[in-house]
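Q: Just a sequence and a predicted model for now, questions to come.
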Amino acid sequence: MRGLGVCSAAEVVLRRVRRVVLWAACITGLLLRPVAAEDAPAEMTIEHAGGMVRWDVPADWFVMEYPLGREIRLALSPARIQPKTRLRLPPTHLWFTVHAEVELPPKELVERLRGRSHGPDVTWHEPQQKIRIAGFAGRAAYATRRLPDQSTREFVHGLVPTPWGVFEFHVESPDATFIGRWVDQMIRRMVLRAPRPVGPPGDDRRRDARAILGSWKAYRARWRFEPSGRVVMAYDRKLRPTSNRPTPVLEGTFQAVGDLVKITWRDGSHLNLRWRREGPWLLTTDHEGRVAQLRRIYE
């Protein structure tokens, strides 16, 4: 049996919740039939997180990257994704993200998965299922979400640790067959690989900042320290941008001395930051004592 292929778990679920049987059956490929090559729809290849995630999806799907706190997610749907004041994904959608440089021991995986999508409107159907994507072992769980109008929607949520961070995915739809098909497609066809590396500092003036080169996500903005000495801070793009309020972007150059980064913005203003690394976090303190927490992201 392919995919999750956990017969004993499926038998237990069969006695308890019929929906979970449908989920297990979809994942193991029991509900899928081969598609003739001449009937296969056109596909496009998408990449996310600095090329760490690579996957082929239907060419007519809608794709949108969006920030959520200190995460960068990629949403996909066969229906149009409407970027309103607050992003509302269609009833049938997928999203995934990468928690860069995060280590998640197997013993913590079960509890972390339970805590990622919780609330009084969500009912988890045990047991969790073991999965393997691109050769990496993880776990996925099936759940039902009750909406304000008392209707329900099914979803699958999964976490897959890799050497470069934790891959997290979510597949949601009123149609359980859609969920099963696309989780199965992830298991069969998704590629997870090392993200594009960040080069070494271009000269000695940035050598002390080597540990912070690359991209970082603050709560409402992202920072990028480039090996060339260029620094960019871009505030999160408004979901409904207008010509009157463009996304603010600051650009400048930086030098580093020990744990001090000296930034000169393009308009001539200056900013000095003290920094330290804590795992995937970059903690900074400016000259006024304001502290910021930024999380590593791949771009």
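A: Cool, the structure landed.

Q: tell me how far the lengthiest helix in the chain is from the chain's mean position?
A: Secondary structure of the chain per DSSP state H: the longest helix is helix 176-189. Once both centres are worked out by CA atoms, centre = their mean, to the nearest Å, helix 176-189 turns out to sit 17 Å from its chain's centre.

Q: other SSEs contacting that helix?
A: helix 18-27, strand 53-58, strand 122-133, strand 152-162, strand 165-173 (3 or more CB pairs under 8 Å, 6 or more residues apart in numbering; DSSP states H and E). Using the backbone N, CA and C atoms, a C-beta is placed for each residue, glycine as well.

Q: For L68, find the nearest of the ones you listed.
A: The closest of the helices and strands packed on helix 176-189 to L68 is strand 165-173. By CB to CB, the value is 11.5 Å.

Q: so what does that closest one touch, helix or strand wise?
A: strand 93-100, strand 136-146, strand 152-162, helix 176-189.

Q: In CSV, list the helices and strands packed on helix 176-189 along with distance to R220, mean pLDDT and mean neighbour count.
A: Putting these into CSV (distance: least, CB to CB, whole Å; pLDDT from 0 to 100; neighbours: other CB atoms under 10 Å) gives the following:
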stretch, distance to R220, mean pLDDT, mean neighbour count
helix 18-27, 36, 49, 21
strand 53-58, 24, 97, 18
strand 122-133, 27, 89, 17
strand 152-162, 25, 93, 21
strand 165-173, 21, 96, 22
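
Q: To Q82, which of those lies closest?
A: Go through these one by one with CB to CB and the one that ends up closest to Q82 is strand 165-173, at 16.1 Å.

Q: Pull up the pairing partners for that closest one, direction included.
A: Strand 165-173 has its sheet partners listed here by DSSP bridges as strand 93-100 (antiparallel), strand 152-162 (antiparallel).

Q: quick check: angle from the longest one to strand 122-133?
A: Read it as strand 152-162. With axes from the mean of the first three to the mean of the last three CA atoms, to 10 degrees as the criterion, the two stretches strand 152-162 and strand 122-133 enclose an angle of 40 degrees.

Q: now do the first one
A: Between strand 93-100 and strand 122-133, the angle formed by their directions is 70 degrees, by the same axes, to 10 degrees.
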